[in-house]
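J.: output the structure for:
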Amino acid sequence: MEHLKEQLKYETELLRLAWVTAVAIGGGAMSLLLGEATTLRAGLLGLGFLLILVLVSVGARQDTTIRRLLRDMEGK
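T.: Okay, the predicted model is just below:
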């Protein structure tokens, strides 16, 4: 049971990190829209949005893992 609690804490911290990072990258990517349009800015903006998609998918996977751990804890 203690192992499941520690695993739940770990997974929750990873979820929090993924969402905070996605918000930070999103803010940075959106700020690129405020300046002069260059190919470098467009590339960085695209990379930022790609990273946000990756982090959202990581967050979704973490959510599924956390829900599974909670079900396992309720069963014990």
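
J.: pLDDT value on the spatially closest residue to Val58 that is not a sequence neighbour, please?
T.: Counting by CB to CB, 6 or more residues apart in numbering, Ala18 is the residue found nearest to Val58 once chain neighbours are left out, at 4.7 Å. Where you see a C-beta, it was placed from the backbone N, CA and C, and this is true even at glycine. For Ala18, the model assigns a pLDDT of 92.

J.: same check on Lys76?
T.: Reading off the model, Lys76 has pLDDT 68.

J.: just to revisit the earlier point, whichever strand or helix holds the residue nearest to Val58 - contacts with which helices or strands?
T.: Assigned by DSSP states H and E, Ala18 belongs to helix 2-31. On a contact count with 3 or more CB pairs under 8 Å, 6 or more residues apart in numbering; DSSP states H and E, helix 2-31 meets helix 39-75.

J.: and the residue nearest the centre of the chain?
T.: Nearest residue to the geometric centre of the chain (CA atoms, centre = their mean): Ala18, 2.6 Å.

J.: ok, that residue to Ile66 distance?
T.: Ala18 is 12 Å from Ile66, where distance means CB to CB, to the nearest Å.
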